[in-house]
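>>> coordinates only, no sequence provided:
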């Protein structure tokens, strides 16, 4: 006679042999996790479908992991693990698992025990120690492994047997639900007009029309005065865009006419972001599984095509009257319009010139006379490194032109060399790369981009108005020298003089072992200290 591996939990029992079990408010033995063992995938799909009809899969899937486990060499099973520490939630899982010929276990980690039933209303606990059970199952031979279970193994203990499953691979529950094949369902023999609500088309219907018949279907619906809206969508395997129509409260007779047309598919909305072709049903109630349809996409489940179409974003339907193909005829004019005689007005040209301006601008360059070069050398030591590296130097006959680059202050505003050098004539920027004397501006005021085009500037080239009376000079980027490289000369270095060390090498040390008393540090003296005088 086989011995029982589990024993019923008594009312009010608070201590258990199996770790991970604890009593809930009703005294039922529950664990931190629940494990449902399915022998085949069809039982798993039936369980998920039944759960979606009673509750929301959005509450179950976030903590759910699905694994394919192998039980030695005798077969495999699907293991669904989820968080369930509430006895009422576990009762629902146990009832649905029993209806799909599966079994629910509770526990935590890698060991689970059978959940309660009529013979044990408060649940089950281990009748023998766990190590003994696993030793009988061939998992406790190595004492260093503890229970003998690896991270990929899980043990389920039933009333009269122990099964150890080894995880082979993991399955994404959301991906599994999206890949499920639709089931065929029977439609009324008399047609959809008998009971549109049975097909889910009483309030709204979606019509997916192939590109070849889209214009004919639109024309038929327009002649029947059907209130419709539509949008063009490009499906995964089509080159041309198909037509997706939305019909509000459609007539059943109209749907019976559309359904047999080749290239026309009727879809019933099952959730705000999913629709299923009529005559088919998804194994999962998608209205309670919004987490299975991630993102903002809309999903069209096509039964006859055997595909799931994803439409980017929520479709914004356009009124059907703007989709119908119509011919536009223009009425001929009843009066004659005389031709306008155009004349060449010639080129309207104005002279670009400088005029005084009171608008303050930050100096972006300075023209230092040759007599002040020595002062400029001394000021270089005061310029911040970032501003010095960004500045450029151009030698001209009128003096040294110092062009400012942009460096950054601590608070984030720009600091230019033109602001730091109090020498020469300051120049301001009226357009990118266009410099004029401080206190002047270009007249007429043109767009900065147009000014560069008129001066034929490209890249990092500059145009400089040295004085208000002179024409601008063009300075190419290749003629600009970095200020730091031009100001600092070559650094000379000398060879280091090496000398031999004057101190002699250390002599080998001597180790002396002495017997130490109980208080070894008392009276310890180094070899250099003299002996204390002897007492008389």
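Yes, it's here. All figures in this text were calculated on a predicted structure; none of them were measured in a lab. Residues are numbered from 1 along each chain as shown.

>>> can you check which strand is longest in the protein?
Taking DSSP state E as the criterion, the chain has its longest strand at strand 162-171.

>>> pull the number of nearby residues for residue 121.
Residue 121 is flanked by 13 other residues according to other Cβ atoms under 10 Å. Using the backbone N, CA and C atoms, a C-beta is placed for each residue, glycine as well.

>>> quick check: phi and psi on it?
Main-chain dihedrals, residue 121, degrees, to the nearest 10: phi -70, psi -20.

>>> over to the one 3 residues further on?
Listed backbone geometry of residue 124 is phi -120, psi 150, with angles given as degrees, to the nearest 10.

>>> also residue 460?
Residue torsions, per degrees, to the nearest 10, at residue 460 are phi -100, psi 20.

>>> can you start the count at 15 instead of 1 from here on
New numbering, starting at 15: the last item is residue 474.

>>> now it: closest residue in space that isn't a chain neighbour?
residue 491 (3.8 Å; Cβ to Cβ, 6 or more residues apart in numbering).

>>> just give me the neighbour total for that neighbour.
That count, for residue 491 with other Cβ under 10 Å as the rule, works out to 12.

>>> is it true that it touches residue 471?
No - with contacts counted by Cβ atoms under 8 Å, residue 491 stays clear of residue 471, the gap being 10.0 Å.

>>> show me where the stretch 215-364 of the chain has helices.
For the stretch 215-364 of the chain, the helices defined by DSSP state H, counting those that start in this stretch occupy 228-237, 266-272.

>>> and the longest strand of the chain, what does it pack onto?
strand 79-84, strand 90-97, helix 144-150, strand 167-171 (3 or more Cβ pairs under 8 Å, 6 or more residues apart in numbering; DSSP states H and E).

>>> 6 Å instead, please
With contacts taken as 3 or more Cβ pairs under 6 Å, 6 or more residues apart in numbering; DSSP states H and E, strand 176-185 sits against strand 79-84, strand 167-171.

>>> of all those strands, which one is nearest residue 451?
When those are ranked by distance to residue 451, counting by Cβ to Cβ, first place goes to strand 79-84 at 75.2 Å.

>>> can you list the strands that the closest one pairs with?
strand 90-97 (antiparallel), strand 176-185 (antiparallel) (DSSP bridges).

>>> quick check: angle from the longest one to strand 167-171?
The reference is to strand 176-185. Between strand 176-185 and strand 167-171, the angle comes out at 140 degrees (axes from the mean of the first three to the mean of the last three Cα atoms, to 10 degrees).

>>> in the helix or strand just after strand 176-185, what's buried?
Following strand 176-185 in sequence order, the next helix or strand is helix 187-192 (DSSP states H and E). For helix 187-192, the neighbour count (16 or more other Cβ atoms under 10 Å) marks 187, 188, 190, 191, 192 as buried.

>>> repeat for stretch 456-476
Buried-residue list, stretch 456-476, by 16+ other Cβ under 10 Å: 456, 465, 466, 469, 471, 475, 476.

>>> so where is the stretch 315-464 of the chain shaky, pLDDT-wise?
Across the stretch 315-464 of the chain, the ranges flagged by pLDDT under 70 are 340-364, 419-434.

>>> what of the stretch 115-264 of the chain?
Ranges of the stretch 115-264 of the chain meeting pLDDT under 70: 150-162.

>>> contacting residues for residue 526?
Taking Cβ atoms under 6 Å, 6 or more residues apart in numbering, we find residue 526 in contact with no residue.

>>> show me the strands in the stretch 265-414 of the chain, by range?
Along the stretch 265-414 of the chain, counting by DSSP state E, counting those that start in this stretch, strands occupy 278-285, 288-291, 294-295, 312-316, 321-325, 332-333, 367-370, 377-382, 406-410, 413-417.

>>> before we move on, back to that, now, the buried residues of stretch 456-476 that are in strands?
Mapping the buried residues of stretch 456-476 onto strands (DSSP E) picks out 456, 476.

>>> closest one of the buried residues of stretch 456-476 to residue 204?
Of all the buried residues of stretch 456-476, residue 466 has the smallest distance to residue 204: 77.9 Å, by Cβ to Cβ.

>>> from residue 366, how far off is that closest one?
Separation of residue 466 from residue 366 (Cβ to Cβ, to the nearest Å): 13 Å.

>>> next one: residue 336
Distance, residue 336 to residue 366, using Cβ to Cβ: 51 Å.

>>> pretty sure residue 62 sits in a helix.
Yes - under DSSP: H, G, I helix; E, B strand; the rest coil, residue 62 sits within a helix.

>>> excluding sequence neighbours, find me the nearest residue to it.
Leaving out its chain neighbours, the residue that sits closest to residue 62 by Cβ to Cβ, 6+ apart is residue 298, at 5.7 Å.

>>> isn't that neighbour right up against residue 63?
Yes - contact criterion Cβ atoms under 6 Å: residue 298 and residue 63 qualify, at 5.5 Å.

>>> returning to that earlier point: among residue 336 and residue 366, which residue is more densely surrounded?
The neighbour count for residue 336 versus residue 366, taken as other Cβ under 10 Å, is higher for residue 366 (13 against 9).

>>> now do the contacts for that one.
Per Cβ under 6 Å, 6+ apart, neighbours of residue 366: none.
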